Every structure is written in structure tokens, then in C-alpha cells.
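Engineer: A predicted structure for the sequence below; I have some questions about it.
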Amino acid sequence: MVSKIRIALVGVGNCASSLVQGIHYYGIRREEGAIGLMHWRIGGYTPGDIEVVAAIDIDERKVGRDLAEAIFALPNCTRFFYPKPASGFSWDASATGFPAICDITRRTKPSSPPGNPRRRRKRWSLP
């Protein structure tokens, strides 16, 4: 069996924030203390076996930041139940060509005018 499950996040929004916090929250606990988790072990893996190795987002408030910071950046509004999870990874931009949070906005442009980011739905198209 592989020792870790390596995952990549596409979008660092509220769901990603809850997932990352949950991985770290339950990763340091034992099965008896895992209140709120339906299944402690699935296929021999526990929450501590999940490792986030990459994240991609288009929001300039998150791009280039460590994942531990980006999951709490606006417009995310997920409740903080494990406030300072370790990101578990950092990128060497010279080696990989990617910052901590990848940016795909250089290849896209918004097709709608700027407005309130909490109420606006952006539609992205290739230039």
C-alpha cells in the first residue's frame, strides 16, 4: 500500500478550506477522538494519510500565497475550526515554474466587467 494519498486542489475556495482544515484536524487525532467523521479508515487509509501537494486558483488574493494562508483569504468564508494548518508543501518556483498557488489568469481574461467579487460570477474565456 502507498504510504500517502497525494491530492491536488483545483480552486482554493470554501470546500478546499474545509478539506484542508479537516485533513489536519483529524490527522493529529486518534480514531476514538474523531467525532464528526463518518469513517475513520477507508481502504486502510486514515485522514493523516492525505497530503495536499498542489493547488491552483485564479483569484489574485490567493495566487502566490502559501496554501495555509490562501484557504483563509477572501472571498472564502468557511468557519475556522482548525485555524493554522501546516500547508505541507512549498514550491521552488525556479525548479517547478509554479508559485505556491498557481495562476492561470495570464492565459484567461474576464468576459464580464469588474464588480463586487462576492456577488459577481466571472465567466472566463481564452484571449
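Structural biologist: Cool, the structure landed.
Engineer: for the protein, what helix or strand is lowest in average pLDDT?
Structural biologist: With mean pLDDT, DSSP states H and E as the measure, the helix or strand of the chain carrying the lowest mean pLDDT is helix 93-96 (a mean of 40).
Engineer: what sits up against the lengthiest helix in the chain?
Structural biologist: For the chain, the helix with the greatest residue count under DSSP state H is helix 14-27. With contact meaning CB atoms under 8 Å, 6 or more residues apart in numbering, helix 14-27 is reached by 9, 34, 37, 46-48, 50, 52, 55, 67-68, 71-72, 76-78, 80-82, 85-86. In short, each C-beta sits where N, CA and C put it, glycine included.
Engineer: could you redo the last one with a cut-off of 6 Å?
Structural biologist: Contact with helix 14-27 is made by 9, 34, 37, 47, 48, 50, 71, 76, 78, 81, 82, 85, as judged by CB atoms under 6 Å, 6 or more residues apart in numbering.
Engineer: So which bits of the helix or strand following that helix are buried?
Structural biologist: The first helix or strand that comes after helix 14-27 along the chain, using DSSP states H and E, is strand 50-57. The neighbour-count check on strand 50-57 (16 or more other CB atoms under 10 Å) flags 50, 52, 54, 55, 56, 57 as buried.
Engineer: can you list those residues in TSV and add pLDDT?
Structural biologist: Formatted as TSV, these follow (pLDDT from 0 to 100):
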residue	pLDDT
50	92
52	88
54	86
55	87
56	87
57	87
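Engineer: if we can go back for a sec, can you pick the most crowded of the contacts of helix 14-27?
Structural biologist: Comparing those by number of neighbours (other CB atoms under 10 Å), residue 71 comes first, having 27 neighbours.
Engineer: what bits of the protein have low per-residue confidence?
Structural biologist: The chain contains residues with pLDDT under 70 at 1-2, 83-127.
Engineer: Give the buried residues for the longest helix of the chain.
Structural biologist: Residues 16, 17, 18, 19, 20, 21, 22, 23, 24, 25, 26, 27 are the ones in helix 14-27 that count as buried (16+ other CB under 10 Å).
Engineer: This completes my enquiry, with thanks.
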